[in-house]
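>>> Quick one: sequence and predicted model below, then my questions.
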Amino acid sequence: MILGMGAEAIVSLQGRKVVKYRPPKRYRIKELDYMLRRERTRSEAKLMSSARRLGVPTPIIYGADECSLEMEYIDGDVLRECINEEIARLAGKVIGHLHEGGIVHGDLTTSNFLFCDGRVYLIDFGLAVSDKGVEAQGMDIHLYIQSVRATHLEERLVTTFIEGYRSVRGDKVTDEVLSRVADIERRGRYL
């Protein structure tokens with residue numbers, strides 16, 4: 001059963017496992033396409049496993065081949081559908097731990113979190129990178145804030161997310177990241 005199709009991958013449910021497959025792109029040179037798909041799959045597996053070692057709840061990776069990942073199925077609700085203040089705070093803590101470990105998600109929307117059994121899981125590391133920079137972390141937070149504002153009218157969901165993030169990163173780092181978020185928002189207004 002297909003769970004989703006994105007620009008880069010097809011995600012399907014096979015029994016109690018999720019398989020993410022990056023199909024060939026016919027518009028790319030065959031060798032380049034294969035190299036890109038293989039490297040993106042390896043990078044995603046590596047960063048998801050690294051995040052899990054940092055204490056970030058992610059699906060367990062059962063296996064990987066050249067262009068696909070086989071992962072644990074998390075039977076949860078997408079954050080976009082169930083978010084409240086407490087869940088937003090938990091999501092902030094999750095991202096605080098991720099950033100503290102030097103990983104940036106790259107596609108931080110409420111569609112890439114699952115809530116299951118009182119835990120917030122982070123999924124889809126297809127755009128994730130290792131980056132300890134404030135710019136990349138600020139962009140992650142900016143994307144999350146824009147995602148929340150686009151689908152929910154409660155600014156408190158942003159505030160509680162930041163409270164959770166601050167509880168992990170501390171005041172100084174959080175203020176630095178939030179200052180960068182403000183810079184990113186200003187730059188975006190004039191593009």
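Received, thanks.
>>> hey, let's count contacts and neighbours off CA atoms from now on
OK.
>>> May I see the buried residues of the lengthiest helix in the chain?
Determined from DSSP state H, the single longest helix within the chain is helix 30-53. Judged by neighbour count using 16 or more other Cα atoms under 10 Å, the buried positions of helix 30-53 are 33-34, 36-38, 40-52.
>>> for residue 74, what are its contacts?
59, 114, 116 (Cα atoms under 8 Å, 6 or more residues apart in numbering).
>>> JSON lines please, covering those residues and showing neighbour count, secondary structure and distance to residue 79.
Shown next, in JSON lines, are these (neighbours: other Cα atoms under 10 Å; DSSP: H, G, I helix; E, B strand; the rest coil; distance: Cα to Cα, whole Å):
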{"residue": "59", "neighbour count": "20", "secondary structure": "coil", "distance to residue 79": "15"}
{"residue": "114", "neighbour count": "24", "secondary structure": "strand", "distance to residue 79": "6"}
{"residue": "116", "neighbour count": "14", "secondary structure": "strand", "distance to residue 79": "10"}
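>>> Export the residues you listed as a markdown table, with columns for pLDDT and distance to residue 21.
Formatted as a markdown table, the contacts of residue 74 follow (pLDDT from 0 to 100; distance: Cα to Cα, whole Å):
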| residue | pLDDT | distance to residue 21 |
| --- | --- | --- |
| 59 | 97 | 16 |
| 114 | 98 | 20 |
| 116 | 97 | 24 |
